[in-house]
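K.L.:
Predicted structure and sequence below. I'll ask about it afterward.
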Amino acid sequence: MANSGQGHLPYAISHCRMALLLTLALRAAYSCFAALFGRFLPVNWNLIHSNALTETLPPPDHTAHYLLLGVWERFDTLWYLHIAGYGYDRPDAIVFYPLYPFLVRTFSWLVQPMAAALLISTVAAFFFFWGLQNLQCLDFDSDQIRKSLILYAVWPSSFIFFAGYPESLLLAFMVWALYFGRKGNWALSVVLAIGAEMTKAVGMLIAIPLLIMAARRRTANAFSVLLTLLGALAFPAWSRWSGHGALNSAYEHYWRTRTVAPWITLWVATEHLLHRPDALLILNLVFLIVICLLVGLCRTRLEYKLFGWAAILLVLCKDTSPPLQSMMRYVLVVFPAFIGAAQVLKTTLWKPRFWLACTALFIVNLGLMWLFLGWSLVL
């Protein structure tokens, strides 16, 4: 592992420019593909109405409003929009953390709520791409940095960074919290870490690498990261105090999800696969295995690898019905796997083999996007 020392202003500008270009290109591409898909996707109202909060959705049409915005109103996005508009007025809504819908509500003063959701995700994707480069810049050379960035951007299910979902916001908070922790700006690091913890439950795991980094520094300022432990408890504590109940109870009662040991989740998935083979389950299992292998092979800092393993174990603690539901999306948070992917793909950025691999991944990504927009619950 080479320390390139590229933390100077020219490199920071270069990373910002690269992140901006990639974000604009992907936003344009996904908007165009969504509009194109929206013109040809079959409409199955039985499938649509099998999901919650779809009763008031207008029928799909070929208007510009639907093709640019309405086509993205799917699954969890409907919940975030509902919370942005009405708060936690339903007991089953409490499993969705508050920061993303709060931002949607805030920006809805300027634009429509769906447009606000897409705007927030897109801006967050820019900061995530920028922060990922800056974080890797502390340890790796430019070829490794760009390869991992591009692989992340085209990885199957990564289109969700530009949908009405909080994944890009979560990862942006995480990588910048780690970056400022590495730089010794602990106050800003803690604020960003708490932002991650208020975005999704998995955000609490950012405390693991930050605490390891603080233990190495052994300064009073560094141990301010202990505040992240309080941040991780804030929303679950508020949920209980406000009468909404425990989050795990809500998962069990309303979302057919229970908290179990990771090996039980894997056993249930394997048993299901043996008795009732399912293409989506196979796909989720394959991507889980690939991410695990990449984390294992990744040559990076110990705290990053421990975060990766902790994130994998946490998502495996959710026994869903059907098994491993949304696993392809959940493992996107495991950023060390994508550092490992760039290392495993032993070719330089400009070789055709790298771009062939990226093209293949992006085609699968678009296939998942087609299914997602067509109301097939792949993520």
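P.N.:
Received it, and whenever you're ready, just let me know what you need.
K.L.:
Quick one: residues contacting the residue nearest the centre of the chain.
P.N.:
By Cα atoms, centre = their mean, the chain has its centre lying nearest to residue 167, at 2.8 Å. Contacts for residue 167 were tallied using Cβ atoms under 8 Å, 6 or more residues apart in numbering; they are 121, 160, 161, 200, 329, 332, 333. For every residue, glycine as well, the C-beta is placed using N, CA and C.
K.L.:
Kindly report the same for residue 260.
P.N.:
Residue 260 is in contact with 317, 319, counting by Cβ under 8 Å, 6+ apart.
K.L.:
Now do it against residue 149, distance only.
P.N.:
35 Å (Cβ to Cβ, to the nearest Å).
K.L.:
Likewise for residue 93?
P.N.:
Counting by Cβ to Cβ, the gap from residue 93 to residue 149 is 34 Å.
K.L.:
and what of residue 306?
P.N.:
22 Å.
K.L.:
what about these two, which has more around it?
P.N.:
Neighbours per residue, other Cβ atoms under 10 Å: of residue 306 and residue 149, the larger number sits with residue 149, 23 against 16.
K.L.:
wait, doesn't residue 83 sit right on residue 98?
P.N.:
Yes - with contacts counted by Cβ atoms under 8 Å, residue 83 reaches residue 98, the gap being 7.3 Å.
K.L.:
Can you pull the phi/psi pair for residue 318?
P.N.:
phi -100, psi 110 (degrees, to the nearest 10).
K.L.:
ditto for residue 146
P.N.:
Main-chain torsions, residue 146, degrees, to the nearest 10: phi -70, psi -40.
K.L.:
Ok, residue 97 next?
P.N.:
The phi/psi pair for residue 97 (degrees, to the nearest 10) reads phi -70, psi 160.
K.L.:
same thing with residue 259?
P.N.:
The phi/psi pair for residue 259 (degrees, to the nearest 10) reads phi -90, psi 120.
K.L.:
Name the helix or strand for the residue lying closest to it once chain neighbours are set aside, please.
P.N.:
Distances taken as Cβ to Cβ, 6 or more residues apart in numbering place residue 248 nearest to residue 259, at 5.0 Å, with adjacent residues excluded. Assigning secondary structure by DSSP states H and E places residue 248 in helix 247-254.
K.L.:
what is the rounded mean pLDDT of that helix?
P.N.:
Mean per-residue pLDDT for helix 247-254: 94.
K.L.:
Now it - C-alpha only, CSV.
P.N.:
What follows is helix 247-254 as a C-alpha-only set of coordinates in CSV (Å, rounded to 0.1, in the frame of the first residue of the first chain):
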residue,chain,number,x,y,z
LEU,A,247,-37.5,-0.5,16.0
ASN,A,248,-37.0,-4.3,16.0
SER,A,249,-40.6,-4.8,17.1
ALA,A,250,-41.8,-2.7,14.2
TYR,A,251,-39.7,-4.7,11.8
GLU,A,252,-41.1,-8.0,13.1
HIS,A,253,-44.8,-6.8,13.2
TYR,A,254,-45.0,-4.9,10.0
